[in-house]
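Q: dropping the sequence and predicted coords here.
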Amino acid sequence: MDIQRVGVIGCGLMGSGIAQCAAEAGCQVWVKEANEAFLTKGLARIHGAWDRAVTKGKVTPEQRQAWAANLQGTLSFDDLAPCDLLVEAIPENLDLKLRTFAELDRVAAPGALLCSNTSSLSVAQMGPALAPERLPRLAGLHFFNPVPMMPLVEVIRTLATSEETLSDLRAFVQKLGKTAVLAPDAPGFIVNRLLIPYLLDAIRCAEQGLSSVEDIDTGMKLGCGHPMGPLHLADFVGLDTMQSVSEVLFDAFGEPRFKAPSLLRQLVAAGRFGRKSGSGFYRWEGEKRAEALPL
Ligand code: CAA
Ligand code: NAD
């Protein structure tokens, strides 16, 4: 299948990036949000990125216009009916995702590919929301943040995912100019199984007063050549998402290294979700990181 019409559910951090990349690759994209305010915010993020690309002289205004013409926002699942591929990118909560897959089961064309961008949940767990004949077309399509910059996508196969689905998804990832790796439907897949304990350990270091937030980040950035320090990256991922992911991983493996530190829970309880809410380990001015905040 040559995937030309793509539906993205959720236009937050990840959904907006997925919709942006698919529109840039020449697909017709419908992005569905929960309400008008979130849709406006998500679409503004995409258009803002395109405006910056024009300002920097990376694309022409005509190219930008062509991308914009490929993108439509909606609040209705019904508008996703023509899509060849549907990618769910709503919050990391199984009940919410099951409700979304039930809606996709209702509206999707027969043979449409149904994917989740979940960071940690089992993709197979979405199955009960779908008619049995759809299961060979269900898979994980795990993008990385920020989607427009990160070249990897994990393609996750369940025991029911067909070979045809995997090859369609690999071709789609290639069409986006990204690299696919095949990952098992095991908690955290490949990357988060390794990355999340590292980020949680850094939060434990901050909690125990090992050093300041800035020095922990500078240490790992300059000492190990990482593009960002771990607390900066945790803010970037979203501390609410970090907490949900660590709960799933701890539940699955029972190992203390996957357990959400109390500091993470306290920050989330205080509404400090990281970049998306304007404060986390750092204060954020929109996309820009400002000073570290008191813990
Ligand atoms: N969205 C889109 N583009 C962005 C961006 C964002 N949020 N932030 C920066 N960029 C772009 C900039 O516009 C710039 O583009 P140009 O070169 O075209 O001008 C480019 O990225 C470089 O930006 P900067 O010079 O400002 O910053 P940088 O060199 O530090 O790069 C970065 C930014 C790519 C985000 C880099 O810091 C990085 O790779 N960080 C690590 C990200 C990472 O590890 N992501 C994985 C998170 S885990 C995950 O996603 C899985 C999960 O399930 C939780
Ligand atoms: P986010 O909170 O930024 O965005 C989620 C969006 O989904 C919100 O805008 C919300 O309004 C919307 N939404 C909720 N219910 C909806 C519905 N019924 N229909 C349409 N939209 C709805 O979250 P995010 O960081 O983009 O994460 C989304 C998914 O991607 C999660 O499963 C997360 O684990 C995964 N993920 C996150 C990252 C990351 O770094 N943040 C990386 C890879 C994967």
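A: Good, I have the coordinates. Quantities reported herein were computed from a predicted structural model and do not represent experimental measurements. Ligands and ions are numbered 1, 2, ... in the order given.

Q: and the strands in the stretch 51-200 of the chain, which stretches?
A: Secondary structure of the stretch 51-200 of the chain (DSSP state E, counting those that start in this stretch): strands at 71-74, 85-88, 113-116, 138-143, 152-157, 179-184.

Q: so which of those is nearest ligand 2?
A: Nearest to ligand 2 among the strands of the stretch 51-200 of the chain is strand 138-143 (5.8 Å), distances taken as Cβ to the nearest ligand atom. Backbone N, C-alpha and C define where each C-beta goes, glycine included.

Q: save the strands of the stretch 51-200 of the chain as JSON lines, and put in distance to ligand 1 and mean neighbour count too.
A: As requested, these are arranged in JSON lines below (distance: least, Cβ to the nearest ligand atom, whole Å; neighbours: other Cβ atoms under 10 Å):
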{"stretch": "strand 71-74", "distance to ligand 1": "16", "mean neighbour count": "18"}
{"stretch": "strand 85-88", "distance to ligand 1": "14", "mean neighbour count": "26"}
{"stretch": "strand 113-116", "distance to ligand 1": "11", "mean neighbour count": "26"}
{"stretch": "strand 138-143", "distance to ligand 1": "6", "mean neighbour count": "25"}
{"stretch": "strand 152-157", "distance to ligand 1": "9", "mean neighbour count": "22"}
{"stretch": "strand 179-184", "distance to ligand 1": "12", "mean neighbour count": "15"}
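
Q: what about the longest helix anywhere in the chain and ligand 2, touching?
A: Longest helix in the chain by number of residues, with DSSP state H as the criterion: helix 36-55. Yes. For helix 36-55, a contact with ligand 2 is found by Cβ under 6 Å from any ligand atom, at residue 38.

Q: for that helix, give the mean pLDDT please.
A: In this model, helix 36-55 has a mean pLDDT of 98.

Q: what does it rub up against?
A: 11-12, 15-16, 19-20, 23, 31, 33, 59-61, 64, 67-68, 71, 73-75, 148 (Cβ atoms under 8 Å, 6 or more residues apart in numbering).
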